[in-house]
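Colleague: Below is the structure, and that's it, no one-letter string:
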């Protein structure tokens, strides 16, 4: 068992460096499509050009679509278009179903992933600021002064809630300030409160399935040559210790199969989880039926000692149960909790 624990510690050194690296994605990955709707009101009385227009009195409903893509867990872009209908206080002054429209190109920044790091799946709640420029147009205006094309700008924040079996759905509440930068189209460009409206929308996004089988970014399981060399050095040190044992112990060791890098199978888990992914099952499927193995589970240091002990044992047990179902002989399955500063969220299978 001492030999297995030493090998386990060496393996932790090899995988801890790449634990939070995101795997590469195709250009068609990480797209989402959503719908939204809500209301907008003049930010300032002079926004509407009359003194009797006031906050929360001139309310105009709107509905829109959003198509976006995340390039990293932190940064993305979205194309959004919204249609604005008749004013609930003044009615339909233009005589058309849609009084105006606005189309924007928005930058999206996931502050939750930026500040707290990406853990392999979206959090249940995230803060996502949005900002960008766009084009606004008014339809059916009674005068040419109203029938304007304007440069617009939007600044808001999405209070987003992710849900679904694979966190493929997202519901958000979005307050925002929307500017008509050049007023009615004939004024100078400026971020002026008198040329803005406060908008409150809610929306749903659906994140399309990616080439890796998930609906979100996946963490990479990297193994480069430097990591393999470091692991081999640990194995060689272990062999050196065994060679210094008394003769009678050496004879006993000779009967035991030498430990090779190929005799170890690594299974990684998401934070706080103990379920096997498809990639983990593929790795375990390489172990032949009838082989004898030992399994050691571990946890990362975020939780309490008692929780990490239970979680690591659960990870060892779920790997052992999967192997037994395939005809592999599991001699021992042990949870070790957090093992020093190099511990990580994984289970190691030692093939005898």
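Modeller: Alright, I've got the coordinates. Everything numeric in this text was worked out from a predicted model, so none of it was measured.
Colleague: does residue 306 sit in a helix, a strand or a coil?
Modeller: In terms of secondary structure, residue 306 is helix; the call rests on DSSP: H, G, I helix; E, B strand; the rest coil.
Colleague: What is the burial count for it?
Modeller: A total of 9 residues lie near residue 306 under the criterion other CB atoms under 10 Å. Placement of C-beta: from N, CA and C, glycine included.
Colleague: how far away is it from residue 312?
Modeller: Per CB to CB, to the nearest Å, residue 306 is found 11 Å from residue 312.
Colleague: Spatially nearest residue to residue 314, not counting backbone neighbours?
Modeller: For residue 314, ignoring the flanking residues on the chain, the nearest one in space by CB to CB, 6 or more residues apart in numbering is residue 274 at 4.2 Å.
Colleague: what's near enough to touch that neighbour?
Modeller: Contact partners of residue 274, counting by CB atoms under 8 Å, 6 or more residues apart in numbering, are 311, 314, 315, 318.
Colleague: Can you tell me which of those has the most neighbours?
Modeller: Compared across the contacts of residue 274, residue 315 has the highest neighbour count, 27 neighbours, by other CB under 10 Å.
Colleague: Pick the one among the contacts of residue 274 closest to residue 235.
Modeller: residue 315 (23.4 Å; CB to CB).
Colleague: Doesn't the closest one lie inside a helix?
Modeller: Yes - remark: residue 315 belongs to a helix, assigned using three-state DSSP.
Colleague: quick one: terminal-to-terminal distance for stretch 39-58?
Modeller: Taking CA to CA, to the nearest Å, the span from the opening residue of stretch 39-58 to its closing residue is 10 Å.
Colleague: now swap in stretch 190-204 and tell me
Modeller: Criterion CA to CA; first-to-last residue distance in stretch 190-204 is 32 Å.
Colleague: contacts for that stretch?
Modeller: When contacts are taken as CB under 8 Å, 6+ apart, the neighbours of stretch 190-204 outside the stretch itself are 34-44, 46-47, 62, 64, 66, 153, 156, 169-181, 183, 187.
Colleague: Show the buried residues in those residues.
Modeller: With burial judged by 16 or more other CB atoms under 10 Å, the buried subset of the contacts of stretch 190-204 is 34, 36, 38-44, 47, 62, 64, 66, 153, 156, 169-170, 172, 174, 176-181, 183.
Colleague: Residues contacting stretch 77-85, please?
Modeller: Counting by CB under 8 Å, 6+ apart, stretch 77-85 makes contact with 36, 40, 60-69, 71, 97-108, 130, 134, all of which sit outside it.
Colleague: Mind doing that once more with 7 Å?
Modeller: Counting by CB atoms under 7 Å, 6 or more residues apart in numbering, stretch 77-85 makes contact with 40, 60-69, 97-108, all of which sit outside it.
Colleague: Could you do stretch 162-176 as well?
Modeller: 121-124, 126, 154-161, 199-207, 214-216.
Colleague: could you pull out the strands for the stretch 1-150 of the chain?
Modeller: For the stretch 1-150 of the chain, the strands defined by DSSP state E, counting those that start in this stretch cover 31-42, 59-70, 75-84, 100-109, 125-138, 149-163.
Colleague: would you turn the ones you listed into CSV with distance to residue 269?
Modeller: As requested, those are exported to CSV (distance: least, CB to CB, whole Å):
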stretch, distance to residue 269
strand 31-42, 26
strand 59-70, 23
strand 75-84, 27
strand 100-109, 28
strand 125-138, 22
strand 149-163, 19
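Colleague: Need those strands in TSV (columns: mean pLDDT).
Modeller: Putting the strands of the stretch 1-150 of the chain into TSV (pLDDT from 0 to 100) gives the following:
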stretch	mean pLDDT
strand 31-42	95
strand 59-70	96
strand 75-84	96
strand 100-109	96
strand 125-138	95
strand 149-163	96
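Colleague: Whichever of the contacts of stretch 162-176 end up buried, select them in PyMOL.
Modeller: Selecting just the buried residues from these in PyMOL takes one command, with 16+ other CB under 10 Å as the test:
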select buried, resi 121+122+123+126+154+155+156+157+158+160+199+201+203+205+207+214+215+216
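Colleague: rewinding a little: the residue nearest to residue 314 looks like it's in a strand, true?
Modeller: No - when classified by three-state DSSP, residue 274 is found to be coil rather than part of a strand.
Colleague: Out of the contacts of residue 274, which is nearest to residue 116?
Modeller: Nearest member of the contacts of residue 274 to residue 116, counting by CB to CB, is residue 311, at 19.8 Å.
Colleague: What helix or strand is that closest one located in?
Modeller: helix 305-325 (DSSP states H and E).
Colleague: next structured bit after that helix?
Modeller: Per DSSP H and E, the first helix or strand lying C-terminal to helix 305-325 is strand 329-335.
Colleague: any idea how far that following strand is from the chain center?
Modeller: Here strand 329-335 shows a centroid-to-chain-centroid distance of 33 Å under the convention CA atoms, centre = their mean, to the nearest Å.
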